[in-house]
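Visitor: Give me a model of this one.
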Amino acid sequence: MTTQVLEVDHLVGGYRSAEVVRDVSFSVAEGEIVALLGPNGAGKTTTLLTIAGLIRPLRGAVRVLGEPIGREATSRIARRGMVLVPDDRGLFGELNVADTLRLAQRSRVRKTDDVLELLPALQRLWRRRVALLSGGEQQMLALAAALVRRPRLLMLDEMSLGLAPQIVTGLLAAVRTMADREGTGVLLVEQHARVALGASDRAIVLRHGEIALTGRPDDVGARLEAGESSYLGDSQHTAAPPDGSDGIVVR
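Guide: Presented below is the predicted three-dimensional model:
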């Protein structure tokens, strides 16, 4: 029997009386990567923050690791294995790579940790300050800091922001390995639709705070390629990644 690490049931979320997300329902199972796509303002980040317990749902229910989320429960559920990597990466510039990972795991992290085998570039940056890392290196570190905690539910908010698709592909390969190896359930908010679909088991497209499209990544990708990109809003456009291949980009 597959265990659901996240269950979102008819969620209505927002700020004060303003509804940003309306009647959203989905789940994430152990070892499953679910991509949450959509244009700016679609409600993707609001959904993540509500799941993390940082915003109270207006209506509906959210269960993480089988437990309803709430102010009292959030820290307890986080200790059990819920991890959110925000779009600003949540790093401290004065710390070095080694200390950042030690702080995340609350123990001494060695270069031989199997997470670092997935992200080997961090080993040569071991004593470098976070503030001196490139954007790609910082995102790699933020991901490693999440993975060394062995999360049961990992939520990634716009991991590709400002990065070349090739870098994002490498980071998502590490996420895929952890999902398969550790059974980590992953909710992935991603601006590069093609990259996200290639790494996911299911995809959900939000538009104006509601689910506009959901299904297997190849089905969702086919509908987007067939000209139904209106699901992604007026701000969506097709762009070519730096490697010259075609790519659908969600802004």
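
Visitor: What part of this protein, helix or strand, is modelled with the least confidence?
Guide: Among the helices and strands of the chain, strand 247-249 carries the lowest confidence by mean pLDDT, DSSP states H and E, at a mean of 31.

Visitor: Run through the chain and note the low-pLDDT ranges.
Guide: By pLDDT under 70, the low-scoring segments of the chain are 1, 71-72, 106-112, 227-251.

Visitor: quick one: the strands in the stretch 51-200 of the chain?
Guide: 59-64, 67-68, 82-85, 153-157, 185-189 (DSSP state E, counting those that start in this stretch).

Visitor: Same list (those) but as TSV, adding mean neighbour count and distance to residue 201.
Guide: From N, CA and C alone the C-beta is placed, and that goes for glycine too. Output for the strands of the stretch 51-200 of the chain, formatted as TSV (neighbours: other C-beta atoms under 10 Å; distance: least, C-beta to C-beta, whole Å):
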stretch	mean neighbour count	distance to residue 201
strand 59-64	18	19
strand 67-68	14	23
strand 82-85	22	19
strand 153-157	25	14
strand 185-189	26	9
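
Visitor: Identify the residues contacting the closest residue to residue 174 other than its chain neighbours.
Guide: Distances taken as C-beta to C-beta, 6 or more residues apart in numbering place residue 118 nearest to residue 174, at 4.0 Å, with adjacent residues excluded. In this structure, residue 118 makes contact with 147, 173-174, 177-178, judged by C-beta atoms under 8 Å, 6 or more residues apart in numbering.

Visitor: Hmm, residue 147 and residue 174 touching each other?
Guide: Yes. With contact defined as C-beta atoms under 8 Å, residue 174 and residue 147 form a contacting pair (7.1 Å).

Visitor: ok, residue 52 - contacts?
Guide: Shown in contact with residue 52 (C-beta under 8 Å, 6+ apart): 69, 74, 82, 84, 155.

Visitor: swap in residue 146?
Guide: By C-beta under 8 Å, 6+ apart, the contact set of residue 146 is 83, 85, 104, 154, 156.

Visitor: go with 6 Å
Guide: Residues in contact with residue 146, defined by C-beta atoms under 6 Å, 6 or more residues apart in numbering, are 83, 85, 154.

Visitor: List the contacts of the helix or strand hosting residue 223.
Guide: Here residue 223 sits within helix 217-225, counting by DSSP states H and E. Where contact means C-beta under 6 Å, 6+ apart, the residues beyond helix 217-225 that reach it are 197, 200, 203, 213, 248.

Visitor: Among these, which ones are in helices?
Guide: Secondary structure assignment by DSSP state H places residue 197 of the contacts of helix 217-225 in helices.

Visitor: so which of the contacts of helix 217-225 comes closest to residue 32?
Guide: Of all those, residue 200 has the smallest distance to residue 32: 8.5 Å, by C-beta to C-beta.

Visitor: Quick check: that closest one touching residue 37?
Guide: No. Residue 200 lies out of contact with residue 37 (C-beta atoms under 6 Å); the separation is 9.4 Å.
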